[in-house]
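# The sequence and its predicted three-dimensional model are supplied below.
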Amino acid sequence: MALRDELGPYFGEYGGRFVPESLIAALDELSAAYELAKHDPSFQRELADLHRTYTGRPSIITEVPRFAEHGGGARIFLKREDLNHTGSHKINNVLGQALLAKRLGKTRIIAETGAGQHGVASATAAALFGLECVVYMGEVDTERQALNVARMRLLGATVVPVTTGSRTLKDAINEALRDWVANVETTHYLLGTVAGPHPFPVMVRDFHKIIGEEAREQMLEITGQLPTAVAACVGGGSNAIGIFHAFLDDPTVGLYGFEAAGRGVDTPEHAATLTMGRPGVLHGARSYMLQDADGQTIESHSISAGLDYPGVGPEHSWLNDIGRAHYRPITDAEAMDALRLLARTEGIIPAIETAHGLAGALQLGKELGPEAIILVNNSGRGDKDMETAAKYFGILDGGAA
Amino acid sequence: MSSQVEAAISAKGKVLIGYLPVGFPTLQESIEAAVALVESGIDILELGVPYSDPVMDGLVIQEATQVALSNGFKLAHAIEAVKQVTARVDIPVLLMTYFNPVIQYGVDKFATDLAAAGGAGLITPDLIPDEAGEWLSAAEKHDLDRVFLAAPSSTDERLAQAVKYSRGFVYAVSTMGITGARQDVDVAAKTLVARLRAVGATHVGVGVGISTGTQVSEVLTYGDGAIVGSALVKALNDGGVSELRTVASELAEGK
């Protein structure tokens, strides 16, 4: 069987549905609705129309030669998901799930968000389809991503700061799950990454695989060959699986996911789940996670709110174990250097999340040499990160600060 | 092979099942509180294992378990609490635990140690029978009860499955929601219990939202057990063991 054909609920030993019984009916209903929609030409047509007329798909490919000079001279190409409406890849999944929510007759969507990208995308889809929208966001993240909070509110969503646990993405997911348990009849949980109980990892992947499908064709057209390597940042792993998926059965294409190493994987302050974690159950699925000896989840750290998550999607755990994809850590400092480098050499300011993948591409370029062709998922734009970046680089005027 | 919990239910007819988290506010105080519950008329104890990501719990239990964790709760303390409590009181003691801690401890090892400590079994809020193969084998091997949840949204087929794989009792979740006191216990609870009986349930505990003696009485008109958690945790938090005794006695009057 081709690697692309994996349909869940399990990827090897990973995945499954480790959730309260109260949610099983909703998950079954969602699985059934998704199976129908997947094979329904009218659903696919509606989604494709939205991609074309609302999101701005297909997203373009940009070669970045001045940036690539710093990466061993390999050719580096960016898949420009940052140019999508709402500024990241997140819109792909959100439109698909919002259409499904409508089909299921749900009038309310809830979402978790870390950096706010998924929250903004969810609020956008809710506005577009006339759905009520509640976004759970860790209190720490509402502070470091204040601009995105304002965007969500402007779009009509209610943003609920989560004050329990580590007050970050993981706790926002817990709170969204609690809301869903209580309101499942009227509410769809629009989960924003390829984690969570089945069918989310498969469904969210399917809504994002368009990234790799477009990019594979575009790269063949531009370079006449498949890339040597494909790189992406990995938090929960949605943009990475989105660009990897089309290449899974191309054995010559190396797949590389770059996790947030925070202050370093030799410190306690990182979010490098596949590098440093071990298998367990978190948020409804068996996968790698950061945990102590007792199975208590360890709080992660990353300068990037979107990668600050102690779990990872089950398909990545499986791809890691079978050796089809390779996962490496990138520190806060390496990511911020790559962010500034891309801004200064190419005039593109990526999200801090995305910058982890870019830093990884520079590493890969040096290893693979000038013959290599590296495709990077430029998953999001950096506007939302200006405050963090300005502080990090000390580039705010005293008066402006 | 016999179920401590089923024996207790058969002997008493209707039972009150009380929940408290291990390690709240400290290990020793939680053990004293559990013993006090039994002295106040609780028939079956459900000791909660504090966990970093308790998706099924409302704020009262979340806050208590967070205190337990920051006061240094370790998984071994859960086994230790069972051992100390069962040495002092003669009622069944179940652990209620999210499943990852059990996986990390080792499912069979956990079952071995729980049985050796005199524990009756596990209630597993985020483990459905579909994913429970390893736990079911271990429970069978060590003669432990396994309590699965049944929800108002569950299909009849899934209710039958919950009944088939549960031993001790099947946990009827009274309402679509997380733990915490509610003014009214849903009519959904009564309907759910009737549906569980129709697919063969002989021992049904009803939980989530029950906080008064009157609610206990009402639930016990159709259920075999009434499960109370948040109301007890709140009492312990607000007024220590003496307040806990008061609230537990009031609940026990509802039997």
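That came in fine, so what should we check first? Predicted model, so just to flag it, every value in this text is computed and none were measured.

# Just want the residue of the stretch 51-200 of chain A that's nearest chain B.
A:A182 (3.9 Å; Cβ to the nearest Cβ). For every residue, glycine as well, the C-beta is placed using N, CA and C.

# Is that residue in a helix, a strand, or coil?
Using DSSP: H, G, I helix; E, B strand; the rest coil, the structure places A:A182 in helix.

# what's it in contact with, if anything?
Applying Cβ atoms under 8 Å, 6 or more residues apart in numbering or on different chains to A:A182 gives the contacts B:176-178.

# Make sure A:G382 is actually in contact with A:P350.
Yes - using Cβ atoms under 8 Å, A:G382 makes contact with A:P350 at a distance of 5.3 Å.

# Which one's more surrounded, those two?
Shown here are A:G382 and A:P350; by other Cβ atoms under 10 Å in any protein chain shown, A:P350 has more neighbours (26 against 21).

# wait, doesn't that one sit right on A:N377?
No - using Cβ under 8 Å, A:P350 makes no contact with A:N377, being 10.2 Å away.

# Quick check, pLDDT for A:A400.
For A:A400, the pLDDT comes out at 49.

# where along the chain do the strands fall?
Unless you meant another one, I'm taking chain A. Applying DSSP state E to chain A gives strands spanning A:10-11, A:14-15, A:61-63, A:75-79, A:108-113, A:132-138, A:158-162, A:187-189, A:229-234, A:254-262, A:278-282, A:285-289, A:325-331, A:373-377.

# wait, chain B
Assigned by DSSP E, chain B shows strands spanning B:15-21, B:44-48, B:93-96, B:121-123, B:145-147, B:149-150, B:170-173, B:204-207, B:225-228.

# what is in contact with A:G382 and A:P350 at once?
Taking Cβ under 8 Å, 6+ apart as the contact rule, A:G382 and A:P350 both touch A:339, A:343.

# Spell out the residue ranges of the helices in the stretch 101-250 of chain B.
Remark: helices assigned in the stretch 101-250 of chain B by DSSP state H, counting those that start in this stretch are B:107-116, B:133-141, B:156-165, B:187-198, B:213-220, B:230-252.

# so where is the stretch 1-150 of chain B shaky, pLDDT-wise?
Residue ranges of the stretch 1-150 of chain B with pLDDT under 70: B:1.

# how about the residues of it near chain A?
Applying Cβ under 8 Å from any Cβ of the partner chain, one finds that the stretch 1-150 of chain B approaches chain A through B:51-59, B:62, B:66, B:69, B:74-75, B:99-105, B:125-128, B:130-131, B:148-150.

# does any part of stretch A:229-246 sit near chain B?
No - applying Cβ under 8 Å from any Cβ, one finds stretch A:229-246 separated from chain B by no less than 14.8 Å.

# can I get the CA coordinates of that stretch in PDB?
Output in PDB follows, covering the C-alpha atoms of stretch A:229-246 (Å, rounded to 0.1, in the frame of the first residue of the first chain):
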ATOM      1  CA  ALA A 229      14.200  17.800   0.000                       C
ATOM      2  CA  VAL A 230      11.000  19.300   1.400                       C
ATOM      3  CA  ALA A 231      11.200  21.200   4.600                       C
ATOM      4  CA  ALA A 232       8.600  22.600   7.000                       C
ATOM      5  CA  CYS A 233       8.200  23.600  10.600                       C
ATOM      6  CA  VAL A 234       6.300  21.200  12.900                       C
ATOM      7  CA  GLY A 235       4.300  22.100  15.900                       C
ATOM      8  CA  GLY A 236       1.100  19.900  15.700                       C
ATOM      9  CA  GLY A 237       2.300  19.400  12.200                       C
ATOM     10  CA  SER A 238      -0.500  20.600   9.800                       C
ATOM     11  CA  ASN A 239       1.600  22.600   7.400                       C
ATOM     12  CA  ALA A 240       4.300  20.000   7.300                       C
ATOM     13  CA  ILE A 241       1.900  17.100   6.600                       C
ATOM     14  CA  GLY A 242       0.200  19.300   4.000                       C
ATOM     15  CA  ILE A 243       3.400  19.800   2.000                       C
ATOM     16  CA  PHE A 244       4.800  16.300   2.700                       C
ATOM     17  CA  HIS A 245       1.800  14.300   1.700                       C
ATOM     18  CA  ALA A 246       2.100  14.500  -2.100                       C
END
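
# got a list of what residue 200 touches?
If you meant another chain, say so; for now it's chain A. Contacts of A:F200 by Cβ under 8 Å, 6+ apart are A:191, A:194, A:284.

# Switch to chain B, please.
Contacts for B:G200 (Cβ under 8 Å, 6+ apart) come out as B:160, B:163-164.

# out of those, which are buried?
For these, a burial check counting by 16 or more other Cβ atoms under 10 Å in any protein chain shown picks out B:160, B:163.

# what about the one residue in chain A that gets nearest to chain B, how many neighbours?
As assessed by Cβ to the nearest Cβ, chain B sits closest to A:G295 within chain A, at 3.4 Å. By the measure other Cβ under 10 Å, the count of residues near A:G295 is 24.

# Model confidence score at the closest residue to A:T142 other than its chain neighbours, please.
Excluding its sequence neighbours, the residue lying closest to A:T142 (Cβ to Cβ, 6 or more residues apart in numbering or on different chains) is A:P161, at 4.7 Å. With respect to pLDDT, A:P161 has a value of 97.
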